[in-house]
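> From the sequence below, what's the structure:
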Amino acid sequence: MYIGILSRSIQLYSTRALFRAAQARGHRVRVFDYMACDILVEDNKPSLIYGAEPIPEFDAFIPRIGSSFTFHGVSVVRQLERMGVTAAVHSDAIARSRDKLMCSQYLVSEGIGVPKTYFSHDVEDPKFILDMMGGTPIIIKLLEGTHGVGVVLAENYKTAETVIETFSKTGQKFVVQEYIKESGGADIRAFVVDGEIIASMRRSAMEGEFRSNLHRGGQAAVYKMSEEEKATALKACEVLGLKIAGVDMLQSERGPLILEVNASPGLEGITTSTKIDVAGKIIDYVEKIHVAKTKLSV
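Below you'll find the model as predicted:
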């Protein structure tokens with residue numbers, strides 16, 4: 001099988017891990033920089049141009065779309081889907097999960113718990129928002145941030161007002177979210193592939209930090225999820241239509257709360273912490289869906 005990986009660089013840990021896992025299973029594999037892909041929309045003949053030539057014909061592809069390039073990346077994934085190439089993660093699912101507000105709306109509509117969240121297009125009175133949220137401390141986060149970038153813990157009204165006004169005046173899309181004190185600066189990451197949790201870890205923030213992201217110095221350890229946590233993570237992926245995802249959740253007094261469902265989750269932290277061949281399991285899934293699609297077309 002010829003597998004394409006959509007990624008900015010083969011030097012990225014996750015991309016390299018997937019590349020090697022595909023090669024180890026005897027597949028031909030190539031990394032394509034999706035930002036270098038041009039889209040040609042034409043009646044009955046959708047195509048992608050890569051390096052001034054039509055992109056090579058491959059059997060399946062794995063999108064690794066960065067949050068800073070969501071629009072173009074999702075457009076490339078959608079074009080490949082229209083061309084009939086097997087997608088490990090679908091374009092609509094990436095779009096639904098990448099927008100934090102949209103993701104929360106989908107989850108809540110299906111009875112999945114999320115932290116209380118407030119969004120306003122035009123903030124005239126930060127105090128009104130803070131009163132609606134029940135005061136401080138609160139979390140203020142950009143809608144399309146990643147790795148903890150654009151996430152602020154405001155512990156008092158003055159800080160919260162300043163951050164809200166700054167984000168608003170600079171045209172940033174953001175949400176205000178409740179702070180779950182009892183989580184203690186830790187969250188749970190469940191890695192889901194094809195409706196199964198293949199690995200899970202607990203991430204704890206470093207001293208003096210509230211974000212547990214490993215990119216922010218957080219520590220990770222293997223974690224055994226409860227049945228409620230497992231069910232919540234799997235249902236979140238089902239609702240969003242994601243077959244490959246990293247589900248981040250907080251432990252709260254009212255049960256697990258979904259923080260984020262990542263359509264392009266990093267592989268380094270979960271692989272290092274659990275010693276599970278996550279990349280290999282992703283390639284196994286790609287093999288499975290390609291075989292299933294081939295049988296249907298015969």
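
> which stretches of this protein have low pLDDT?
Within the chain, the segments meeting pLDDT under 70 span 144-148, 206-218, 297-298.

> Centre-most residue in it?
Residue closest to the average C-alpha location in the chain (C-alpha atoms, centre = their mean): Asn262, at 1.5 Å.

> Contact partners for that one?
By C-beta atoms under 8 Å, 6 or more residues apart in numbering, the residues touching Asn262 are Ser97, Thr146, Ala245, Gly246, Val247, Asp248. No exception for glycine: its C-beta is placed from N, CA and C like everyone else's.

> Quick check: bridge partners of it?
Beta-bridge partners of Asn262, counted by DSSP bridges, are Gly246.

> What's the separation between it and Pro126?
29 Å (C-beta to C-beta, to the nearest Å).

> where do the helices sit along the stretch 101-250 of the chain?
For the stretch 101-250 of the chain, the helices defined by DSSP state H, counting those that start in this stretch cover 126-132, 157-169, 227-240.

> Any idea which of the ones you listed gets closest to Arg203?
Counting by C-beta to C-beta, Arg203 lies closest to helix 227-240 out of the helices of the stretch 101-250 of the chain; the figure is 14.0 Å.

> Domain ranges for this structure, per the record?
According to automatic domain parsing, the chain is divided into the following domains: 2-95, 117-179, 182-279.

> Pick the most buried one from the helices of the stretch 101-250 of the chain.
helix 227-240 (a mean of 19; mean count of other C-beta atoms under 10 Å).

> Quick one: list the elements packing against that one.
Counting contacts by 3 or more C-beta pairs under 8 Å, 6 or more residues apart in numbering; DSSP states H and E, the secondary-structure elements packed against helix 227-240 are helix 91-98, helix 100-109, strand 186-193, strand 196-204, strand 244-252, strand 255-262.

> can you redo those as a markdown table with distance to Thr170?
Conversion of the helices and strands packed on helix 227-240 to a markdown table gives the following (distance: least, C-beta to C-beta, whole Å):
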| stretch | distance to Thr170 |
| --- | --- |
| helix 91-98 | 20 |
| helix 100-109 | 18 |
| strand 186-193 | 28 |
| strand 196-204 | 29 |
| strand 244-252 | 26 |
| strand 255-262 | 23 |
